[in-house]
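Participant: Okay, here's the prediction I keep looking at, along with the sequence it came from:
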Amino acid sequence: MTEILRTAHTFELSPAELAEIRALLDAAFEGDFADEDWDHGLGGVHALVQDTDGAILAHGSVVQRRVLHDGRSYRIGYVEAVGVRPDRRRRGLGGRVMAALERVIDGAYAAGALSASADGALLYRARGWQLWPHRIETLGPAGVVRLPDEEGSTYLRPAAGRPLPGSASPGGDAPLIFDWRDGDVL
């Protein structure tokens with residue numbers, strides 16, 4: 001394996017590296033990666049796969065979010081901005097990025113969460129992520145708002161040795177209420 005896996009906090013990445021990551025994500029999402037999506041992936045830990053020349057081939061990040069469930073607030077690691085350069089897909093690079101992000105989640109958070117595309121869901125399910133089968137909401141400026149478009153695409157992963165929110169609770173079918181942010185909430 002000639003690719004190098006590296007993790008770094010946003011502050012440790014150079015402006016040139018951040019620009020390269022943004023360009024990779026624009027290509028990976030075929031131009032459907034908004035400025036708000038980019039902002040959501042910053043401020044946490046990034047996992048990068050680079051070739052021996054330093055070119056970034058794959059990326060993902062995990063950032064802290066707050067989720068309310070059944071009367072409790074959980075600090076979770078939210079996975080963002082996972083993408084693989086189009087000419088390097090289906091070679092295990094996304095799995096390597098996720099393995100690094102899952103180590104961060106295991107060490108720092110109660111659980112992991114993410115919103116998956118249909119293509120991405122295959123990778124996440126294969127890695128043990130579980131589809132959240134209940135309501136998804138956000139605590140927005142006007143109060144709690146249901147996000148029906150996110151239901152059926154939101155996945156959770158317990159951190160090592162911890163149960164998922166709601167798994168041992170009588171309110172297990174209560175909604176997950178995510179913190180508010182501009183752009184796509186999830």
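Facilitator: All right, it came through fine.
Participant: which ones are touching Arg90?
Facilitator: Contacts for Arg90 (C-beta atoms under 8 Å, 6 or more residues apart in numbering) come out as none. (C-beta placed from N, C-alpha, C; glycine too.)
Participant: residue ranges with poor pLDDT in the chain?
Facilitator: Residue ranges of the chain with pLDDT under 70: 1, 161-172.
Participant: Remind me which helix or strand the residue nearest the centre of it belongs to.
Facilitator: Of all residues in the chain, the one closest to the mean position by C-alpha atoms, centre = their mean is Val79, 1.2 Å from it. Take DSSP states H and E as the rule and Val79 turns out to sit in strand 72-84.
Participant: Given that strand, what are its sheet partners and their directions?
Facilitator: In the sheet, strand 72-84 lines up against strand 56-69 (antiparallel), strand 111-115 (parallel) (DSSP bridges).
Participant: quick one: that strand to chain centroid distance?
Facilitator: Its chain's C-alpha centre and that of strand 72-84 lie 4 Å apart, by C-alpha atoms, centre = their mean, to the nearest Å.
Participant: residues of that strand that come out buried?
Facilitator: For strand 72-84, a neighbour-count test (16 or more other C-beta atoms under 10 Å) marks 74, 76-84 as buried.
Participant: Can you tell me which of these comes closest to Leu156?
Facilitator: Set against Leu156, the nearest of these by C-beta to C-beta is Ile76 (8.2 Å).
Participant: for the protein, what spans make up the strands?
Facilitator: Shown for the chain, the strands assigned by DSSP state E span residues 4-9, 45-50, 56-69, 72-84, 111-115, 130-131, 136-140, 143-146, 154-158, 176-179.
Participant: So what touches the last one?
Facilitator: Right, the one you point to is strand 176-179. Contacts with strand 176-179, where a contact means C-beta under 8 Å, 6+ apart, come from 65-69, 113, 132, 134-139, 144, 147, 154, 156, 165, 185-186.
Participant: can the strands paired with strand 72-84 go into CSV with extra columns for mean neighbour count and distance to Arg125?
Facilitator: Below are the strands paired with strand 72-84 laid out as CSV (neighbours: other C-beta atoms under 10 Å; distance: least, C-beta to C-beta, whole Å):
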stretch, mean neighbour count, distance to Arg125
strand 56-69, 22, 16
strand 111-115, 23, 12
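Participant: so which of these gets nearest Gly92?
Facilitator: Closest to Gly92 of the strands paired with strand 72-84 is strand 56-69 (C-beta to C-beta; 9.4 Å).
Participant: between the closest one and strand 154-158, how many degrees?
Facilitator: Counting by axes from the mean of the first three to the mean of the last three C-alpha atoms, to 10 degrees, strand 56-69 points 90 degrees away from the direction of strand 154-158.
Participant: Just give me how far strand 56-69 sits from the chain centre.
Facilitator: A distance of 4 Å separates the C-alpha centroid of strand 56-69 from that of its chain, computed with C-alpha atoms, centre = their mean.
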